[in-house]
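Participant: Structure for this input, please:
(2 chains)
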Number of protein chains: 2
Amino acid sequence: MSDHNQDWFEEKHDDIGLRFRLKNRLFSEQSEFQKVEVVETTGHGVLLAHDGMIMVTEKDEFIYHDMITHVPMFTHPNPKKVLVIGGGDGGTVREVLKHEGVQEVTMVEIDGMVVEASKKFLPQTSSMLSDPKVKLHIQDGVAFMKQSTDKFDVIIVDSSEPIGPATPLFNVDFYRDINERLVDDGIVVSQGESPYYDMKMQKVLVKILAEVFPKVHIYNYCNMSYPSGLWSFTFASKGLCPLRDFSEARVQQKFQYYSPEIHRGSFMLPQFMMDEHGDSLTPLPKMSWV
Amino acid sequence: MSDHNQDWFEEKHDDIGLRFRLKNRLFSEQSEFQKVEVVETTGHGVLLAHDGMIMVTEKDEFIYHDMITHVPMFTHPNPKKVLVIGGGDGGTVREVLKHEGVQEVTMVEIDGMVVEASKKFLPQTSSMLSDPKVKLHIQDGVAFMKQSTDKFDVIIVDSSEPIGPATPLFNVDFYRDINERLVDDGIVVSQGESPYYDMKMQKVLVKILAEVFPKVHIYNYCNMSYPSGLWSFTFASKGLCPLRDFSEARVQQKFQYYSPEIHRGSFMLPQFMMDEHGDSLTPLPKMSWV
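Facilitator: Model prediction:
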């Protein structure tokens, strides 16, 4: 879908295009799974794309990685073992490792070329992949979940869109396996698509989660390098509530995007999302002010 | 700044471009103030632009207009007289008139061509401009504020970027005049720019507001037809707090984007915005759960 004219890197869809002015093309190869591209842009630094879909840019990846990681990691009282499915650029693992209680992060990325390209061209996101606490598997996430006998406190599904290699991740069997691998107060957070352009797919994911987990929520954030910006993560748990069970006192570090305020605020959804998802979402506790 | 190739309407900046596939070009004229363009796009319906900057599209204007209007209108206990500066497409006036207690909406738009083009091509936003409660002035908003002797409960500055005709609206004298024209529990909400691309300008606006008003807040929303999506409104008042003084019981209608939840959640800011604005913003009350 990318537009290979000389001046721009574009994520182009039928109706809309979002493009970044090019400085350099750094890498472009077809892996076993997808076309992996890395370019340097004038405004957003290094940009990574799969099959023409923008995954991250250097300048705004902090938003995506803060929100996919710190919301579950600060909701859980003491996450020690964390699993990341996907997340080949390494940004999620980097953020997980900012939580001092973490003893082990397992990362399962299907496409080794994404990891290699990120190590070479995106040191900002990939720098912690060689940390001794990280166990990196270049493997299909679905197969890994079937084989694994480990238990995890937090599982993060840091996947691309459900076209190409991420398709089997949007499946109820995959989430049943995740449920098996989560401890009793475990949480799973997943990349949740655009509530405007991909509502159909977001509903599929939410319904799958509601079949498997007693608590299902959505939280929104703004992804500046995805078309429209309006984007979601799903949050599912065996019992923990991202509002009631979140304690601000746990947040002793400062992040660029994540804050206790945005943690809470991001679960407050626009009306059309509540209407679309209806009973599939667990009602939030009512807010008051002190 | 627009890219006049055949297939796309693009808002193009030095580093990024957001474009919508064209179906038809409907209107393009130079007014006394700016180039006014209306096109039909395949994905977002009719699109209005000033000097190549996208103002609204038919498909997602509900987000902008819900958020600029209902947040102040439901914070104020009983808004009867409302002033809209700018807002030539009419969407804000349409939303104001959904509040039954409103007796009069004054709209002051500098560029009559924007109103005429919207009446012709954007009936969805402009339909209420001929309502008997609406007093429409085609006039400079700054001059209007100097002359007016009326008092308003809510003032909405629905302006474009501070380049072109909206420049004088980013000025402390303008907000001193607004302060004079607001009742004692009055609220002024303004289009607040992008906290990422236009932080410099957003800081100017927030500092101006903090000079004039005792309470200054920012709330965010996602504008799907502005580059990056991450966008802000400012909220300033003589005393009312958008969280403590907001009552969910007032919201008896259903909107497409606005909800009591998103009203509250939108004031929860990412860390970098709190750091940039520092003491200029009034601290929010602390949340708890019931």
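
Participant: Can you give the domain ranges for chain A?
Facilitator: Structural domains of chain A, as assigned by automatic domain parsing, span the residue ranges A:2-56, A:61-280.

Participant: State the three-state secondary structure for A:Val36.
Facilitator: Secondary structure for A:Val36, judged by DSSP: H, G, I helix; E, B strand; the rest coil, is strand.

Participant: which residue packs closest to it, ignoring adjacent ones?
Facilitator: Residue nearest to A:Val36 in three dimensions, not counting chain neighbours: A:Met113, with 5.0 Å by C-beta to C-beta, 6 or more residues apart in numbering or on different chains. Just so you know, the C-beta spots here come from the backbone N, C-alpha and C atoms, and that holds for glycine as well.

Participant: what about the one you found, distance to chain B?
Facilitator: A:Met113 sits at a distance of 27 Å from chain B (criterion: C-beta to the nearest C-beta, to the nearest Å).

Participant: sorry, back to before: okay, the domains of chain A in JSON lines with mean pLDDT, mean neighbour count and distance to B:Lys80 next?
Facilitator: Rendered in JSON lines, the data for the domains of chain A read as follows (pLDDT from 0 to 100; neighbours: other C-beta atoms under 10 Å in any protein chain shown; distance: least, C-beta to C-beta, whole Å):
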{"stretch": "domain A:2-56", "mean pLDDT": "93", "mean neighbour count": "19", "distance to B:Lys80": "41"}
{"stretch": "domain A:61-280", "mean pLDDT": "96", "mean neighbour count": "20", "distance to B:Lys80": "25"}
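
Participant: export those domains to JSON lines and tack on distance to B:Leu129?
Facilitator: What follows is these, written out as JSON lines (distance: least, C-beta to C-beta, whole Å):
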{"stretch": "domain A:2-56", "distance to B:Leu129": "29"}
{"stretch": "domain A:61-280", "distance to B:Leu129": "25"}
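
Participant: among these, which is nearest B:Ile156?
Facilitator: When the domains of chain A are compared for distance to B:Ile156 using C-beta to C-beta, the nearest one is domain A:61-280, at 19.8 Å.

Participant: What is the three-state secondary structure of the residue in the stretch 51-200 of chain A that chain B sits nearest to?
Facilitator: Here the residue of the stretch 51-200 of chain A nearest chain B is A:Tyr196; by C-beta to the nearest C-beta that distance is 6.3 Å. Using three-state DSSP, the secondary structure recorded for A:Tyr196 is coil.

Participant: which residues does it contact?
Facilitator: For A:Tyr196, the contacting residues are A:228, A:230, B:60, B:224, by C-beta atoms under 8 Å, 6 or more residues apart in numbering or on different chains.

Participant: Distance check, A:Ile262 against chain B.
Facilitator: As defined by C-beta to the nearest C-beta, A:Ile262 lies at a distance of 5 Å from chain B.

Participant: my hunch is that that residue is in a helix, does that hold up?
Facilitator: Yes: according to three-state DSSP, the state of A:Ile262 is that of a helix.

Participant: close enough to count as contact, it and B:Phe272?
Facilitator: No: taking C-beta atoms under 8 Å as the definition, A:Ile262 is not a contact partner of B:Phe272, at 10.2 Å.
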